[in-house]
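> Show me the folded form of this:
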Amino acid sequence: MLLAAGGASNFVLVNSKCDRLEMLETSIDQSRSSRASELPLRRLSAMIQTHQQLRQTSLEYNTLFSKNEFYPVQKAYTTPHFLVLGLRFPGQNVALYIGRGNQYEGIFFSNKFPPSYLRIQDRLLDYVRKYLVGARLGKMEVDDNHFLSLFHFKNEHTDNSFAFGYKDRGLFFIKQSKEEIYTSWNGETSKGKNITDLVDQFLGKTSTVDNAKPSNWTLLNYFQDEEKKVSGKPLQKKKEKFLEKKLGNITHDLHDVEKWKLIEEELLSEEGLDLADHQSVLHGHKIKFSSNLNQWQKRDVVFSKVKKLKKAEEILKGRLKETDEELFKVKQGDFEFEVTKEKAIAPLWQTASSQKKKEESEHNVKHFKLKNLSGTIALDAASNDWLRSQGAKEHYWFHIENYTGAHCLVKTDDISKLSGEDLSAIASMLRDYSKLAINEIPVMYSQLQHVKGLKGVQGKVIIKKPKYLRCSYINWTEIITMV
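Take a look at the predicted model:
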């Protein structure tokens, strides 16, 4: 039994006497693997490991360690379905594939990194790169009671760990550093607790399924499947059509610029050219002249145009050759795949911004910009109460005196930043959202520290040191921008 960082743990470190790396995807029963590779695309098997298969992955991975070494995480990628960590072991690179949830659960490893067309960028990748790339990763541990794996890692601190697990087909992660533990499912950082207790609170005492059916779908199948999605005749025909259209456009443009020969021929002829005062059209090319130019100066302008057309001809001929060669390769089936457009599977991750959006969606509020200031207007009693918790005590609160209706918060501690017109716009906005039909608007305002809720009455407030304005109604939408 190995103690995970932060206290007692259910994690078990699986050891092996094997002295070589056996890729998990090739160690599965060959008959089942063969049958799986023959499945049509419409019957994609899920890459969902059982608890036993996760232990097997841990065993295979830990054979790469002779002792308790830590090896560098050099790269990190993500596809729509996997988070991938690239580790450098003596003499070889290893890629850890961590399923992002849904039909991709578990940890798989290979010596193959995801192809470029599958790689995407998202905030999970940014987070992992911030904390793990450049750090050194240790052995893999598997929890006894949950589908959860943990890796110790070293950076500026030695006592760190990163864990990955699943709940209801969703990936969650845990980052532990010193005495702090960050849990993705609630976006909270805890102190003085251990990972096992936090996971038990989230998943219950045990969440493994004893009779789970083993998955026989491998990373090899996954790559082949994704390749089929972005390759084949439909994509090839699409590329051929695009390149043929491109060739046509280049040929048309080339035909136009090659007319420089006709323009130059006329310039050098004995008759010469009779050029208009301000503009001439020579073989389809419009040439403008500045005022007060004589015929010789105009000829110089035309020669400059010819020079530019000659250069354009060279560029277009190069593009024509390149495109023609590319079309030939595509017709032979030799082309790069398009970058995947699949949406990444989102992890169970409650960030501060998503928590704020969730809270705001539960309240009837609107946000606005006034010059370089931001603000919020609340449109019902419950939202009026919530609004007072969204600003600093020095920020300013506004309401129409003697009327029920909207409350407004402007995030500034300096009322002088609001001009008379700004204050009239705020008053007019409050009038409209309060559904009042008054042209003279009596406004009261104060800093939040002087505005207290009336106990037991939703939306009612008591104001100390209120200040008063009387504003005329104006078209506030020209001054305030709703966001």
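> Identify, by residue count, the longest helix of this protein.
In the chain, taking DSSP state H as the definition, the longest helix is helix 295-331.
> In the stretch 301-450 of the chain, mark out all the helices, start to finish.
352-361, 381-387, 420-433 (DSSP state H, counting those that start in this stretch).
> weakest of these in terms of mean pLDDT?
Averaged per stretch, pLDDT over the helices of the stretch 301-450 of the chain is lowest on helix 352-361, reaching a mean of 57.
> one step back: for the longest helix of the chain, packing partners?
In this structure, helix 295-331 packs against helix 233-257, helix 260-268, strand 279-282, strand 285-288, with contacts taken as 3 or more CB pairs under 8 Å, 6 or more residues apart in numbering; DSSP states H and E. Yep, even glycine has a C-beta here, placed from its N, CA and C like the rest.
> Please point out which parts of the third one sit buried.
Of the residues in strand 279-282, those buried by neighbour count under the rule 16 or more other CB atoms under 10 Å are 280, 282.
> Which residues does that strand contact?
Applying CB atoms under 8 Å, 6 or more residues apart in numbering, the contact partners of strand 279-282 are 262-263, 266, 273, 286-289, 298, 302.
> Out of those, which comes closest to residue 447?
Nearest to residue 447 among those: residue 288, at 62.6 Å, using CB to CB.
> neighbours around that closest one, how many?
10 (other CB atoms under 10 Å).
> in the sheet, who's paired with it?
In this structure, residue 288 bridges to residue 279 when assessed by DSSP bridges.
> Run through the stretch 351-483 of the chain and note the low-pLDDT ranges.
Confidence mapping of the stretch 351-483 of the chain against pLDDT under 70 gives the ranges 352-361.
> give me that answer again for 50
Within the stretch 351-483 of the chain, no stretch has pLDDT under 50.
> again, but for the chain
With pLDDT under 50 as the threshold, the chain has low-confidence stretches at 1-8, 12, 14-44.
> Need the phi and psi values for the residue minimising distance to the centre of it.
Closest residue to the average C-alpha location of the chain: residue 122 at 3.4 Å, with CA atoms, centre = their mean. The phi/psi pair for residue 122 (degrees, to the nearest 10) reads phi -150, psi 180.
> Give the buried subset of the contacts of strand 279-282 as a PyMOL selection command.
Only the buried entries of the contacts of strand 279-282 go into this PyMOL selection, using 16+ other CB under 10 Å:
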select buried, resi 263+273+287+289+298+302
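> what about residue 163, neighbour count?
Neighbourhood size, residue 163 [other CB under 10 Å]: 25.
> likewise residue 54?
22.
> Make 7 the starting number, not 1.
Yep, numbering from 7; the last one is residue 60 now.
> now the helix or strand where it lies, how far from the centre of its chain.
Following DSSP states H and E, one finds residue 60 within helix 57-68. On the basis of CA atoms, centre = their mean, to the nearest Å, helix 57-68 is displaced by 31 Å from the centre of the chain it belongs to.
> tell me which strands and helices it is in contact with?
For helix 57-68, the packing partners by 3+ CB pairs under 8 Å, 6+ apart come out as helix 30-33, strand 113-116, strand 142-149.
> Centre of the chain to the second one, how far?
Strand 113-116 has its average C-alpha position 24 Å from the chain's average C-alpha position, going by CA atoms, centre = their mean.
> same deal with the last one?
Distance, stretch centre to chain centre, for strand 142-149: 28 Å (CA atoms, centre = their mean).
> still on that earlier bit, now do the contacts for the residue nearest to the centre of the chain.
If you count contacts by CB under 8 Å, 6+ apart, residue 128 has them with 84, 350.
> Break this structure down into its domains, please.
Domain segmentation of the chain under automatic domain parsing yields 17-236, 239-337, 358-488.
> Minimum distance to residue 351: which of these has it?
Comparing those by CB to CB, domain 17-236 comes nearest, at 4.0 Å.
> Would you pull up how far that closest one lies from the middle of the chain?
The chain centre lies 21 Å from the centre of domain 17-236; the measure is CA atoms, centre = their mean.
> where's residue 456 relative to residue 432, distance?
Taking CB to CB, to the nearest Å as the measure, residue 456 falls 18 Å from residue 432.
> Which one's more surrounded, those two?
residue 432 (27 against 16).
> Would you mind confirming that that one makes contact with residue 424?
Yes - in this structure residue 432 lies within contact range of residue 424 using CB atoms under 8 Å: 7.5 Å.
> any common contacting residues for those two?
Residues within reach of residue 432 and of residue 424 at once, by CB under 8 Å, 6+ apart, are 376, 416.
> sorry, back to before: tell me the angle of the longest helix of the chain relative to helix 266-274?
Here the directions of helix 301-337 and helix 266-274 differ by 170 degrees (axes from the mean of the first three to the mean of the last three CA atoms, to 10 degrees).
> how much distance is there from helix 301-337 to the middle of the chain?
For helix 301-337, the distance to the chain centre is 40 Å (CA atoms, centre = their mean).
> same deal with stretch 461-475?
For stretch 461-475, the distance to the chain centre is 42 Å (CA atoms, centre = their mean).
> ends of it, how far apart?
Length of stretch 461-475, first residue to last, CA to CA, to the nearest Å: 27 Å.
> Name the surrounding residues that touch it.
Stretch 461-475 is contacted from outside by 386-388, 390-391, 394, 405, 407, 410, 413, 429, 433, 448-452, 456-460, using CB under 8 Å, 6+ apart.
> Stretch 372-391 too?
Outside stretch 372-391, the residues that touch it by CB under 8 Å, 6+ apart are 369-371, 392-393, 396, 412-418, 423-424, 428, 431-432, 435-436, 439, 459, 464-467, 485-489.
> Near residue 466, how many residues? Count them for me, please.
14.
> Tell me how far it lies from residue 391.
9 Å.
> How about residue 328?
From residue 328 to residue 391 the distance is 65 Å (CB to CB).
> Between those two, which has more neighbouring residues?
Legend: neighbour count by other CB under 10 Å for residue 328 and residue 391, higher for residue 391 (19 against 11).
> From residue 413, how far out is that one?
Distance of residue 391 to residue 413, computed by CB to CB: 9 Å.
> For the stretch 107-256 of the chain, which segments are assigned as strands?
With strands called from DSSP state E, counting those that start in this stretch, the stretch 107-256 of the chain shows them at 110-111, 113-116, 142-149, 154-160, 166-173, 176-183, 186-189, 194-197.
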